[in-house]
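**Q** Pasting the sequence and the predicted model now:
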Amino acid sequence: MKLSLTYSAYREMEQIPGSPLREIGEAILGLAEDPLPAGSAVLEGQGGCLYLPINEYYILYYIDEDDSALTVLGVVEGPVQTLH
């Protein structure tokens, strides 16, 4: 699956310290192989966007089945309740 990051996701990742950033990076690369890993869920009310929790961060992403592409929209910090 083709994988891309939005500029805002890239900028958000620049603010994350080393250890969590490595785990987030590995998880993002893993999404290209398995776009629906254990722990991922649909973000309610957000037009089919999904999220994957990694420690205290959440990877927000969208899968375009027609183009076989996955776009990382953002990486945010905070409890998942703030995303609903």
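**A** Alright, I've got the coordinates.
**Q** Give me the secondary structure label for the residue located most distally from the centre of the chain.
**A** Largest separation from the mean C-alpha position in the chain: Asp66, at 19.2 Å (C-alpha atoms, centre = their mean). Classification of Asp66 using DSSP: H, G, I helix; E, B strand; the rest coil returns coil.
**Q** what about the lengthiest helix in the chain, distance to the chain center?
**A** Scanning the chain for the longest helix, with DSSP state H as the assignment, gives helix 18-33. A distance of 9 Å separates the centroid of the chain from that of helix 18-33, by C-alpha atoms, centre = their mean, to the nearest Å.
**Q** Downstream of it, the next helix or strand is which one?
**A** strand 41-42 (DSSP states H and E).
**Q** Can you tell me how far the residue most central in space within the chain is from Cys49?
**A** Centroid-nearest residue in the chain, with C-alpha atoms, centre = their mean: Ile59, separated by 2.5 Å. Separation of Ile59 from Cys49 (C-beta to C-beta, to the nearest Å): 11 Å. Where you see a C-beta, it was placed from the backbone N, CA and C, and this is true even at glycine.
**Q** just Leu5 next, same as before
**A** Distance from Leu5 to Cys49, by C-beta to C-beta: 14 Å.
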